[in-house]
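[1] Would you be able to build a 3D model of this:
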Amino acid sequence: MKERSMRRKDRAVSRDEALGILVAGEYGVLASADKNGQPYGVPLSYWVSGENIYFHCARKGHKIENIRANPKVSFTVVGKVQAVYDKNFTTCFESVIVFGKVGEVVDRDEKFSALYGLAEKYLPEHLDKAADAISDSFDRTAVYAMTLTEISGKAKKERRPL
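    Numbering: from 1, shown residues only. Presented below is the predicted three-dimensional model:
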């Protein structure tokens with residue numbers, strides 16, 4: 001995939017910073033397209049391990065149909081956001097956009113690790129119950145991994161005078 005050029009290069013963050021925003025984010029939006037090219041964005045909880053973004057879902061649905069038709073997707077996360085007024089209106093923010101391919105995780109150990117990672121991220125105070133919950137729903141839950149091929153981040157960290 002040809003890397004895209006960011007218009008506001010002064011707001012670009014390093015790859016490491018972009019990965020940090022991705023890892024720290026709470027939720028993201030997975031964008032896919034169906035076989036006719038119709039775009040579809042869906043908010044997801046997710047977990048990052050290495051160069052993969054993992055998410056779980058039901059085995060059927062619009063998102064799954066799109067992934068099967070075209071595994072190329074993008075994933076967007078908006079991190080910290082603060083509206084600011086200092087004689088002018090502005091917003092301080094951080095965000096990241098990831099491009100890659102997504103596929104179902106079929107390896108049972110990798111699938112368990114992804115589900116456990118999701119539990120650890122979102123409900124760390126209940127990790128003692130995670131293994132049983134994962135086992136109970138393991139076969140009816142699908143896990144997908146998006147492999148990063150491109151990542152870019154952008155931030156406006158402080159108010160700049162006009």
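[2] which stretches of the protein form helices?
    15-24, 62-69, 108-122, 127-137 (DSSP state H).
[3] The ones you listed: which one's closest to C92?
    helix 15-24 (13.3 Å; Cβ to Cβ). For the C-beta atoms, the positions are set from N, CA and C on the backbone; glycine is no exception.
[4] any idea of the angle that closest one forms with helix 108-122?
    Between helix 15-24 and helix 108-122, the angle comes out at 80 degrees (axes from the mean of the first three to the mean of the last three Cα atoms, to 10 degrees).
[5] Any chance you could list what contacts helix 15-24?
    13, 28, 48, 53, 77, 79, 94-96, 98, 151-153, 155 (Cβ atoms under 8 Å, 6 or more residues apart in numbering).
[6] do that again at 6 Å, thanks
    For helix 15-24, contacts defined as Cβ atoms under 6 Å, 6 or more residues apart in numbering pick out 48, 77, 79, 94, 96, 151, 153.
[7] For the first one, which non-adjacent residue is spatially closest?
    Put plainly, it is V48. V23 (4.9 Å; Cβ to Cβ, 6 or more residues apart in numbering).
[8] Same check on the last one?
    The spatial neighbour of G153 that comes closest, neighbours along the chain excluded (Cβ to Cβ, 6+ apart), is A18 at 3.0 Å.
[9] What average pLDDT does stretch 17-27 get?
    Regarding stretch 17-27, the rounded mean pLDDT is 94.
[10] try stretch 119-133
    Mean predicted lDDT for stretch 119-133 stands at 95.
[11] buried set for it?
    For stretch 119-133, burial by neighbour count (16 or more other Cβ atoms under 10 Å) applies to 119, 130.
[12] Check stretch 101-109 too.
    102, 105.
[13] Excluding its own residues, what touches it? List them.
    67, 71-73, 111, 143-147.
[14] Need the distance between the two termini of it.
    Distance across stretch 101-109, first residue to last, is 21 Å (Cα to Cα, to the nearest Å).
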